[in-house]
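# Predicted structure and sequence below. I'll ask about it afterward.
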Amino acid sequence: MSDDLPILIVDDEDKWRNKLKAMLVEVRYAVDSVSGLEEARERFQRGKRYAALTVDLRLGEDGAQGLELLRVLQFLESTRYSQGPAIVLSAYPDLAEESLQRGAYAFFNKALLPDQQREFLETIARAVEEGKQQIAALREKVKLEYQRLTKRFLRGKTISFSVPPEAENPWAKLASQR
C-alpha cells in the first residue's frame with residue numbers, strides 16, 4: 001500500500017500522532033505527520049500530495065485550526081494543490097455534523113477509536129482509494145486541457161501568456177479571505 005501517496009496525520013497531541021502513525025504503518029501505509037495547520041499548509045505549498053488526511057478538530061491555542069484546515073482543503077479541491085479526503089478525529093463529538101458539512105469524509109470520536117479501530121482502518125482504505133482516484137482524475141483533466149489548448153492555439157507557433165497571481169498561487173487568495 002505504501003507504494004502510493006502517504007497519509008497525513010494532523011494532530012497537536014504527540015500521543016495521538018504516534019498512536020495513529022503506528023496503527024497505519026502496521027497495515028503498511030506511508031505516513032507523514034504534523035502538529036498543526038501551518039505545518040500542513042507548508043507541506044501543501046511545497047506541492048506535497050496526500051491520498052488521505054486524518055485531522056484533529058481542536059488544534060492550536062484557539063482550538064479552531066482543524067475546522068480552518070477543512071476550509072483550506074475544500075478551497076484547494078480544484079487546484080493543483082488538491083489533497084485526498086480528510087477523516088476527522090476529535091474528542092468533541094458535538095462537532096461531527098459541522099465537520100461533515102465542511103467537507104470531512106468521515107468523523108470518529110477519539111475516545112471510541114480503540115473500539116472502532118477496524119471501522120477506522122476500513123474508512124481509511126476507502127478514503128485513500130477515493131483520494132487516489134480524485135488526484136488521478138485531476139491530473140487527467142489538466143493533461144487533456146493542456147493537449148486541447150496546445151492543439152487549438154499553438155499549431156506550430158509559439159505563444160506567451162500570463163497567469164493571474166491567484167491562479168499561480170491560490171494561497172494568496174485564501175489568505176485574503178480570512
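Great, that's in hand. Numbering: from 1, shown residues only.
# Report the central residue of this structure.
Gln83 (3.7 Å; CA atoms, centre = their mean).
# quick check, that one in a strand?
No: secondary structure assignment places Gln83 outside any strand; it is coil (DSSP: H, G, I helix; E, B strand; the rest coil).
# In this structure it contacts Gly47, no?
No: the pair Gln83 / Gly47 is not scored as a contact, 11.1 Å apart, by CB atoms under 8 Å. The way it works is simple: take the backbone N, C-alpha and C, and place the C-beta from them, glycine included.
# So for the two, which residues contact both of them?
Here Gln83 and Gly47 have no joint contacts, going by CB atoms under 8 Å, 6 or more residues apart in numbering.
# now the helix or strand where Gln134 lies: mean pLDDT?
If you go by DSSP states H and E, Gln134 is part of helix 117-149. The average pLDDT within helix 117-149 is 85.
# Buried residues in it, which are they?
For helix 117-149, the neighbour count (16 or more other CB atoms under 10 Å) marks Phe120, Thr123, Ile124, Ala127, Val128, Gly131, Lys132, Gln134, Ile135, Leu138 as buried.
# In terms of secondary structure, what does it contact?
Applying 3 or more CB pairs under 8 Å, 6 or more residues apart in numbering; DSSP states H and E, we find helix 117-149 packed against helix 14-26, strand 52-56, strand 86-90, strand 106-109.
# Kindly export the helix or strand following the third one (C-alpha atoms) in PDB.
Sequence order places helix 96-101 as the next helix or strand after strand 86-90, per DSSP H and E. Taking Å, rounded to 0.1, in the frame of the first residue of the first chain, the C-alpha atoms of helix 96-101 are listed here in PDB:
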ATOM      1  CA  ALA A  96     -19.300  15.900  14.000                       C
ATOM      2  CA  GLU A  97     -22.100  17.400  12.000                       C
ATOM      3  CA  GLU A  98     -20.200  20.700  11.400                       C
ATOM      4  CA  SER A  99     -17.100  18.900  10.300                       C
ATOM      5  CA  LEU A 100     -19.000  16.800   7.800                       C
ATOM      6  CA  GLN A 101     -20.800  19.900   6.500                       C
END
